[in-house]
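[1] quick check, what structure comes out for this input:
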Amino acid sequence: MNSILIENGIIITLDKFGRIIKNGAVYIENNIIRDIGETKKLKKEYNPDFTINAANSIVMPGFVNSHVHLTSSLLRGMLDDLSLKQWDKIQTLPPEKEIREGIIAASKLVCLEMIKAGVTSYIGGAHEGEIGKTEIDVRYRSGLRGFLAFSIINKIGNYKDILNHIRDNYSDRIQLLLGPWWTLKVPKEILIKTGEIAEKHNLKISIHVAETSWEIKEIKRKTRCEGAIDYLNHIGLLSPRLIAVHCVHISKKEVDLMQKSRTKVVHCPVSNAKLGDGIAPLTKFLKAGITVGLGSDGVATNNCIDMFQEMKVACLLQRAIHQNPQVMSAEEVLKMATLNGAKLLGVDKKLGSIEVGKKADLIIVDIKKPHFYPITNPVTHIVYSAKASDVNTVIIDGKLIMKNRNVITMNEEEILKEVQEIHDSIFPNKQLQHITSKPEKKH
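    Below is the predicted model:
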């Protein structure tokens, strides 16, 4: 299938003019968007190999999930009432070598969930060695566009092996980033070396930053810096390459440092709220012109991957804390989940909006449902009314990945069965229950 015509839909382009085309069409040839316009016009001009009728639907850019943990999906529902500090101390999984099959199955599960939720691109971690290569292959075959953050904690592993493996075996749908875990977990010298490697190989860096208040207390105690961003600036890591995930506890000085260095931010509102971490100063980032993307985080700290939910919560939390319904708009958070995600990866000339010449990564959302009617404002309906299960069709790199809620590239029934069996074998005494811990003492 080399050409597709999507017709009769409401097209949310997210182009620089913010065009919304009613009864619109998108013509795709190979993996590129070749034309956008009214259905009547495009039907006359093109003879596609395949036509998709998007009547009663919104056609929009696919979501960029800018932060997701894949292998932690085996812990869904097991850590629901714990803080991140408690969560981090619990040894929940056996050694990696004992759960090789589990890691691969978890990757399949999250890829499946992301596709069904309308995610077309994501930033997620990656292991080294043979298990890392197997992970990459599973994720590539899912059809998703993956930006894989090579895991770095106490040492920098053989990233060159994984980098060369990706470049030798896959298209640009798979790209490598560097993924130092977070500021307190990674030694200073390793963080500095990570920055040098990123510069040498022109790679982005994705790192957890300023997620909790206790993290900031520890950084102040150990480094005498004002916070996590101040510390990363002190060691020379702030730059346009840096993607700082969470950024909940950030000072005014640090916002200025991020602005000057053109550091990017990923906001994970649902996970941060569920863990009791706090609410990121989103409006301050946007006022400073900092690029902000949205992420679901892992399902161990969120429970589901639903970018519609992330958008709605991001918007409503800011309105609530500022007591102002105009402090953030639906269009702003929609851009965070799409175009801004592409911007923080440096691929916004190719992805993130429906424009001629960009790659065909888009989704079709079924709006012939009670929670969309009466249909008045497509953008606010997507942000405030839609949910993951409303996504009907997914196209990535010009290829049909999901049609009528059926994922073409993966066997959903087999994956669900495999994941449950592996989970039950790893946690034989924790079926249909969750891990609990004593509440933290208040100081």
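[2] next helix or strand past the helix or strand bottoming out on mean pLDDT in the chain?
    Lowest mean confidence among the helices and strands of the chain (mean pLDDT, DSSP states H and E): helix 84-89, at a mean of 72. Next helix or strand after helix 84-89 toward the C-terminus (DSSP states H and E): helix 100-116.
[3] mind giving me the packing neighbours of that next one?
    strand 63-68, helix 129-141, strand 399-403, strand 406-407, helix 412-426 (3 or more C-beta pairs under 8 Å, 6 or more residues apart in numbering; DSSP states H and E). C-betas here are computed from N, CA, C, even on glycine.
[4] could you redo the last one with a cut-off of 6 Å?
    Under the contact definition 3 or more C-beta pairs under 6 Å, 6 or more residues apart in numbering; DSSP states H and E, helix 100-116 sits against helix 129-141, helix 412-426.
[5] which one of the ones you listed is the most hemmed in?
    Of all the helices and strands packed on helix 100-116, helix 129-141 carries the top mean neighbour count, a mean of 18, counting by mean count of other C-beta atoms under 10 Å.
[6] name the nearest residue to the residue nearest the centre of the chain, sequence neighbours excluded.
    Taking C-alpha atoms, centre = their mean, the centroid of the chain lies closest to Asn65, which sits 1.6 Å from it. If the residues on either side of it in the chain are set aside, Asn65 comes closest to Tyr122, at 4.2 Å by C-beta to C-beta, 6 or more residues apart in numbering.
[7] what strands flank the host helix or strand of that neighbour, and is each parallel or antiparallel?
    Per DSSP H and E: Tyr122 is located in strand 119-126. Strand 119-126 sits in its sheet next to strand 63-68 (parallel), strand 145-152 (parallel), going by DSSP bridges.
[8] now do it against helix 129-141, angle only.
    Orientation check (axes from the mean of the first three to the mean of the last three C-alpha atoms, to 10 degrees): strand 119-126 against helix 129-141 gives 180 degrees.
[9] on that earlier part again, export the helices and strands packed on helix 100-116 to CSV and tack on mean pLDDT and distance to Lys359?
    Shown next, in CSV, are the helices and strands packed on helix 100-116 (pLDDT from 0 to 100; distance: least, C-beta to C-beta, whole Å):
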stretch, mean pLDDT, distance to Lys359
helix 129-141, 93, 16
helix 412-426, 92, 25
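[10] ok, and the closest non-adjacent residue to Val186?
    Leaving aside its sequence neighbours, Val186 sits nearest to Pro180 (C-beta to C-beta, 6+ apart; 4.5 Å).
[11] check Val110 too.
    Spatially, and ignoring its direct neighbours in sequence, Val110 is nearest to Leu70 (4.3 Å; C-beta to C-beta, 6+ apart).
[12] done for today, thanks.
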